[in-house]
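*Asks:* Quick one: sequence and predicted model below, then my questions.
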Amino acid sequence: MASFPLNFNYVTTPLWYLYMLAGLYLILPIVSPWVAQASRKDLKRFLYLWGFTLFIPYIRVLAPFFGYVGNYGHTGIFGECDWNPFGTFYYVSGFLGYLILAHYLNLYPSGRSKKQIRIRSAICFATGYALTCGGYLWTQRYFPTDYAYLEIPWFFTGFSVFLMTYGVFTALQTVRISNPRTQARLGRWASLTFGIYLCHFFIVQVAYDFVKQYVEWPPYLQIPLIAAAAFAVSAGVVRLLQKLPCHKYLIG
C-alpha cells in the first residue's frame with residue numbers, strides 16, 4: 001500500500017479502477033457543461049470518433065504484420081512516440097466515451113420494440129464475446145508469453161468489450177421493475193457491488209488454486225465455478241462488513 005499514491009501493483013490490481021474513476025471525476029465538471037448543451041449531432045460526432053478509438057489497440061497489433069516498423073524503435077501510431085504519448089485521438093478516447101454514450105442512450109432511447117432491442121442486444125453481446133474469446137486464442141498463438149498482447153482482446157476500451165457492454169446496457173434499458181419488494185432487494189444487491197469488486201481479486205486467486213487442485217473438471221466448467229464461488233464469497237464478505245457497527249462511520 002505504500003506505493004498506492006503512485007500506482008497499483010499486483011496485490012492491489014483491482015485498485016486500478018480507482019485511478020480511472022478519479023480521472024473521470026476530475027474531468028466531469030469540465031465536460032458536463034458541454035454535454036448539457038450539446039446537440040444530438042454533436043454527441044454523435046464525438047461518439048463516432050470515440051468509436052474509432054476502440055479499434056486502435058488492434059491496429060497497433062496488426063500494423064507490424066503489414067510492414068510497419070515504428071519510428072526510432074517506438075511502435076506507437078498516430079503521432080505517438082517516446083516524447084509524445086498523446087496521439088491524434090488521445091483526447092476523444094478512454095472511459096469518458098462510455099459516460100457520454102450512456103447519456104446519449106438515455107436522452108435518445110431507441111424507438112424499436114422491446115423484442116427488437118433485446119434481440120439486437122443479444123447479438124451484440126454474443127458477437128463481442130466471440131471476438132474476445134477468438135482474439136485471445138489468436139494472441140495466445142502468436143504472443144504466448146507476452147501479457148501486453150494477451151490482454152488486448154479484453155481491453156475495456158476495445159471494440160469487443162464495447163459490444164458486450166452495449167448489449168447489456170441496452171437490454172437492461174428495456175427492463176421496468178414496479179414491485180417495491182423487488183426494487184428493495186435489488187437495491188440491497190446493488191449496495192454490495194463496489195465492495196465485491198474491490199475484494200474479488202484475492203478470492204478469485206484462492207478459488208482458482210482450490211478448484212485447480214481438487215475439482216477435476218474441464219476448464220470450460222472450472223471457470224464458471226470459480227467465478228460463481230468468488231462472487232458468492234465476495235458478496236458474503238461485503239455483507240458481513242456492512243453489518244459491523246462501525247460500517248456507517250467508515251463509509252461516511
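*Replies:* Thanks, I have it. Keep in mind it's a predicted model, so treat the numbers as computed, not measured.

*Asks:* When you work out contacts or count neighbours from here on, use the C-alpha atoms and nothing else.
*Replies:* Noted.

*Asks:* got the contact list for the strand or helix carrying Lys41?
*Replies:* Lys41 is part of helix 40-53 when elements are defined by DSSP states H and E. For helix 40-53, contacts defined as C-alpha atoms under 8 Å, 6 or more residues apart in numbering pick out 35, 89, 92-94, 97, 100-101, 104, 158-159.

*Asks:* And for stretch 149-169?
*Replies:* Counting by C-alpha under 8 Å, 6+ apart, 51, 53-58, 61, 94-95, 120-129, 131-133, 135-136, 139-140, 143-144 sit against stretch 149-169.

*Asks:* PyMOL command for the buried members of these?
*Replies:* Of the contacts of stretch 149-169, the buried ones go into a single PyMOL selection, burial set by 16 or more other C-alpha atoms under 10 Å:
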select buried, resi 51+53+54+56+57+58+94+120+121+122+124+125+126+127+128+129+131+132+135+136+139+140
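
*Asks:* just to revisit the earlier point, for the helix holding Lys41, the distance to its chain's centre please.
*Replies:* With C-alpha atoms, centre = their mean, to the nearest Å as the basis, helix 40-53 stands 19 Å off its chain's centre.

*Asks:* State the mean pLDDT of that helix.
*Replies:* Taken as a whole, helix 40-53 carries a mean pLDDT of 97.

*Asks:* buried ones in the strand or helix carrying Ala230?
*Replies:* In the assignment (DSSP H and E), Ala230 maps to helix 219-242. By 16+ other C-alpha under 10 Å, the buried positions in helix 219-242 come out as 222-223, 225-226, 229-231, 233-235, 237-239, 242.

*Asks:* which residue is nearest the middle of the chain?
*Replies:* By C-alpha atoms, centre = their mean, the chain has its centre lying nearest to Phe156, at 3.9 Å.

*Asks:* Under a three-state scheme, what state does that one occupy?
*Replies:* coil (DSSP: H, G, I helix; E, B strand; the rest coil).

*Asks:* Distance of it relative to Ser110?
*Replies:* 24 Å (C-alpha to C-alpha, to the nearest Å).

*Asks:* try Arg141
*Replies:* According to C-alpha to C-alpha, Arg141 stands 40 Å off from Ser110.

*Asks:* Of the two, which one has the most company?
*Replies:* Set Arg141 next to Ser110 and count neighbours by other C-alpha atoms under 10 Å: Ser110 wins out with 14 against 11.

*Asks:* and the more buried one, that's in a helix?
*Replies:* No. Read with three-state DSSP, Ser110 is coil and lies in no helix.

*Asks:* The closest residue to it other than its chain neighbours: what's it in contact with?
*Replies:* Spatial nearest neighbour of Ser110, excluding adjacent residues (C-alpha to C-alpha, 6 or more residues apart in numbering): Ile117 at 7.8 Å. Contact analysis of Ile117 by C-alpha under 8 Å, 6+ apart lists 110, 170-171, 174.
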